[in-house]
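**Q** Build me a model:
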Amino acid sequence: MMTSPATSQGRLAQRFAATRQQGRAALVTYIAAGDPDYATSLATLKGLGEAGADVIELGMPFTDPMADGPAIQHATRRALEGGQTMDRTLEMVRELRRVDTLTPVVLMGYYNPIYARGVERFLDQAKAAGVDGLIVVDLPPEHDDELCLPAAKAGLNFIRLATPTTDAERLPSVLANTSGFLYYVSSNGVTGGAAPSAERVKQELDRIRTHSDIPVAVGFGIRTAAQAKEIGAFADGVVVGSALIDAQASGETPQAGTQAVLELTRELANALAQAGHASSR
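**A** Residues are numbered from 1 along each chain as shown. Below you'll find the model as predicted:
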């Protein structure tokens, strides 16, 4: 069995160790930086940890979010139209760290804005801001030397995605330099799609766990507390994004949207606490 790198240090490792000791799956929440505006997004970000988020994925807005469904595409557009930039995204993390030094933050997005900024510069700034890890959906393992390995050298976890089409031949290369956790995409397609089949997802996680001891978080299509509870019974983490984006957009005011996000986060966290955890590890 492959032992994941960098699993004994940092906020991500500590958080997954804590949730495992508590006998529950971690709640991983996604919001888009700058949606619907900087101030509202920052207020939401600052409230997530207290509301029950164990890990925060902070989306880096990009003009061509090809892996994302309509909810996150709209959020990205709103953020960009509101003037969100990489500088402002990193500033959000710095602001969060003034009030929350414990909740891990993972920047999620695409390689183009990082490449345009310069990899070394980006990694230095992300680490200094208080970022714990990266999810970059359009960089496969064949390009680990572009960002994955430099990120590890800089002290940042690099979280890779596995999908239902990641077969036994491909899986070892996906796992090789992954750290923090593995993001299992429960269904083919884009974010916010159909709810996953719990039975099939459990079979896939059992298969992955014969190859590595890395925590596995499941995302794509999980929108409700009931769905989170079902997946959380056997996954190490449950990722919810589009439902939170929709909650933000549902508010009559930006402030009401933030309250809707935090209320849904509390519901999801409570469901995971009730679910227990059937993992034998």
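**Q** okay, CA-based contacts and neighbour counts for the rest of this
**A** Fine.
**Q** Report the separation between the residue sitting furthest away from the middle of the chain and residue 221.
**A** The centre of the chain is farthest from one residue, residue 252, which by CA atoms, centre = their mean lies 26.9 Å away. Separation of residue 252 from residue 221 (CA to CA, to the nearest Å): 25 Å.
**Q** that older thread, the residue farthest from the centre of the chain - that's part of a strand, no?
**A** No: Residue 252 is assigned coil when assessed by DSSP: H, G, I helix; E, B strand; the rest coil, not a strand.
**Q** start the count at 36, not 1, going forward
**A** Sure thing, new numbering starts at 36, so read that last one as residue 287.
**Q** how about it, phi and psi?
**A** phi -70, psi -30 (degrees, to the nearest 10).
**Q** Tell me which residues touch it, please.
**A** By CA atoms under 8 Å, 6 or more residues apart in numbering, the contact set of residue 287 is empty.
**Q** measure it to residue 111 for me?
**A** Distance of residue 287 to residue 111, given as CA to CA: 19 Å.
**Q** now residue 272
**A** Taking CA to CA as the measure, residue 272 falls 24 Å from residue 111.
**Q** Comparing these two, which residue is more hemmed in?
**A** residue 272 (30 against 27; other CA atoms under 10 Å).
**Q** And the closest residue to the more buried one other than its chain neighbours, what's its pLDDT?
**A** Closest residue to residue 272 in three dimensions, ignoring its sequence neighbours and counting by CA to CA, 6 or more residues apart in numbering: residue 252, at 3.9 Å. We have a pLDDT of 97 for residue 252.
**Q** what does the helix or strand containing residue 252 contact?
**A** Element membership for residue 252 (DSSP states H and E) is strand 251-254. Strand 251-254 has contacts (CA under 8 Å, 6+ apart) with 61, 63, 216-221, 240, 266, 270-275.
**Q** The same query, at a cut-off of 6 Å, please.
**A** Applying CA atoms under 6 Å, 6 or more residues apart in numbering, the contact partners of strand 251-254 are 216, 217, 218, 219, 220, 221, 271, 272, 273, 274.
**Q** related to what we said a few turns ago, from residue 61, how far out is the residue nearest to residue 272?
**A** 8 Å.
**Q** what lines up beside the host helix or strand of residue 92 in the sheet?
**A** Per DSSP H and E: residue 92 is located in strand 90-94. Paired with strand 90-94 in the same sheet, following DSSP bridges, are strand 61-67 (parallel), strand 140-144 (parallel).
**Q** Name the helix or strand of this structure that has the lowest mean pLDDT.
**A** helix 105-116 (a mean of 86; mean pLDDT, DSSP states H and E).
**Q** got the contact list for the residue nearest the centre of the chain?
**A** Central residue of the chain (CA atoms, centre = their mean): residue 92, 3.8 Å from the mean position. Residue 92 is in contact with 64, 65, 140, 141, 142, counting by CA under 6 Å, 6+ apart.
**Q** In a markdown table: those residues, plus distance to residue 262, neighbour count and pLDDT.
**A** Shown next, in a markdown table, are the contacts of residue 92 (distance: CA to CA, whole Å; neighbours: other CA atoms under 10 Å; pLDDT from 0 to 100):
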| residue | distance to residue 262 | neighbour count | pLDDT |
| --- | --- | --- | --- |
| 64 | 14 | 27 | 98 |
| 65 | 16 | 26 | 96 |
| 140 | 24 | 26 | 98 |
| 141 | 23 | 27 | 98 |
| 142 | 25 | 25 | 98 |
